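>>> just to be clear, the model below is a prediction. Sequence and coordinates:
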Amino acid sequence: MNLGFRVTREFVKELLGVLDEIIEEVRQKREVVKKRLRKLPREKLQ
């Protein structure tokens, strides 16, 4: 039972690491989109 718990903990750590990477990628993409929107002339947005 102890071994199973250890495997589960390692799996959870891996899962959290992957989630962190995904969240970081999403944040970076949002920043890029925001910068692109700022560069657009205001007339096009209205």
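Here it is on my side, so go on.

>>> quick one: mean pLDDT for the top helix by length along the chain?
Taking DSSP state H as the criterion, the chain has its longest helix at helix 2-39. Averaged over helix 2-39, pLDDT sits at 90.

>>> now do it: distance to the chain's middle.
Centre-to-centre, helix 2-39 and its host chain are 4 Å apart (CA atoms, centre = their mean, to the nearest Å).

>>> in that helix, what's buried?
Taking 16 or more other CB atoms under 10 Å as the neighbour-count basis, helix 2-39 is seen to contain no buried residue. Just so you know, the C-beta spots here come from the backbone N, C-alpha and C atoms, and that holds for glycine as well.

>>> how much space between the spatially most central residue of the chain and residue 36?
A centroid search over the chain (CA atoms, centre = their mean) returns residue 23, at 1.3 Å, as the residue closest to the centre. Shown here: residue 23 relative to residue 36, a distance of 21 Å by CB to CB, to the nearest Å.

>>> backbone torsions only: list them for residue 40.
When quoted as degrees, to the nearest 10, the phi and psi of residue 40 stand at phi -60, psi 140.

>>> number of residues surrounding it?
Burial of residue 40, expressed as a neighbour count using other CB atoms under 10 Å, amounts to 9.

>>> distance of residue 22 relative to residue 5?
In terms of CB to CB, residue 22 sits 26 Å off from residue 5.

>>> please apply the same query to residue 41.
Taken as CB to CB, the span from residue 41 to residue 5 is 58 Å.

>>> could you do residue 35 as well?
For residue 35, the distance to residue 5 - CB to CB - is 45 Å.

>>> residue 39 too?
According to CB to CB, residue 39 and residue 5 sit 52 Å apart.

>>> can you check residue 20 too?
Taking CB to CB as the measure, residue 20 and residue 5 are separated by 23 Å.

>>> cool, and residue 16?
Plainly put, residue 16 is 16 Å away from residue 5 if you go by CB to CB.

>>> and if you look at residue 14?
15 Å.

>>> likewise residue 36?
Here the criterion is CB to CB. By it, residue 36 lies 47 Å from residue 5.
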